[in-house]
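In: No letters, just coordinates:
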């Protein structure tokens, strides 16, 4: 099982394409149910803003996600691929941490993305499509982004984010270990637990 991330943003896709693949929060519950039924998708979170749409998942195949995005964009997968970036495992975690810290935003260091990422995670948990792997990674990314050094960081941000990223690598490798207990057993318990520990 692999941590996977696929998406597009303001640097890879024109506004028209980003608008086609913008999913409002009211759309996410039904879309997450579609995504979790795709072959090779075991857990999934969707982050969608005016500047980016990203699918973070654990699984073993990105091809179904590419096809799913192409269908929603109403274009062929071959046309969409040049606008997509794809990351796996460590690279996916590194990208996610940069996003959470506002280092991949149009305005470097902006904090709105943190709330958007947190909301995306909460919605995914309410739909019971997040398990141990994504829970470990997403919680660490959110917690790291909330630290003062990273909130003040510029495009060359550094130590705390990288240290937490290293911790998260270890957590994912131990995702099936009983010590990593972050699975979504109920949306209410999940929300209250994260608010207590991360927010």
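Out: Nice, thanks for sending it over. Being a predicted model, the structure only gives us computed values, none of them experimental.
In: drop to CA atoms for contacts and neighbour counts, all remaining ones
Out: Noted.
In: for residue 75, helix, strand, or coil?
Out: When classified by DSSP: H, G, I helix; E, B strand; the rest coil, residue 75 comes out as coil.
In: what's the answer for residue 93, then?
Out: In the three-state summary, residue 93 is assigned as helix, counting by three-state DSSP.
In: Surely it touches residue 140?
Out: No. Counting by Cα atoms under 8 Å, residue 93 sits too far from residue 140 to count as a contact (9.9 Å).
In: Between those two, which has more neighbouring residues?
Out: residue 93 (25 against 22; other Cα atoms under 10 Å).
In: what separates the more buried one from residue 99, distance-wise?
Out: Between residue 93 and residue 99 the distance is 10 Å, computed by Cα to Cα, to the nearest Å.
In: Likewise for residue 37?
Out: 26 Å.
In: between these two, who's got more neighbours?
Out: In this view residue 37 and residue 99 are compared by other Cα under 10 Å, and residue 99 has more residues nearby, 21 against 11.
In: Test my guess that that one contacts residue 107.
Out: No. In this structure, residue 99 is not within contact of residue 107 by Cα under 8 Å, at 11.4 Å.
In: residues shared between the contacts of those two?
Out: By Cα atoms under 8 Å, 6 or more residues apart in numbering, residue 99 and residue 107 have no common neighbours.
In: Where do the strands of the protein begin and end?
Out: Across the chain, reading from the start of the chain, the strands by DSSP state E fall at 2-9, 41-48, 52-59, 85-88.
In: can those strands go into TSV with extra columns for mean neighbour count, distance to residue 111 and mean pLDDT?
Out: Written out in TSV, the entries for the strands of the chain read as follows (neighbours: other Cα atoms under 10 Å; distance: least, Cα to Cα, whole Å; pLDDT from 0 to 100):
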stretch	mean neighbour count	distance to residue 111	mean pLDDT
strand 2-9	23	17	95
strand 41-48	24	15	97
strand 52-59	22	15	96
strand 85-88	16	23	96
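In: between those strands, which gets nearest to residue 127?
Out: Distances from residue 127 to each of those were compared using Cα to Cα; the shortest belongs to strand 41-48, at 10.0 Å.
In: Now do that closest one against strand 2-9, angle only.
Out: Between strand 41-48 and strand 2-9, the angle comes out at 20 degrees (axes from the mean of the first three to the mean of the last three Cα atoms, to 10 degrees).
In: And strand 41-48, what does it pack against?
Out: helix 28-36, strand 52-59, helix 112-126, helix 132-145 (3 or more Cα pairs under 8 Å, 6 or more residues apart in numbering; DSSP states H and E).
In: again, 6 Å this time
Out: Packing partners of strand 41-48 (3 or more Cα pairs under 6 Å, 6 or more residues apart in numbering; DSSP states H and E): strand 52-59.
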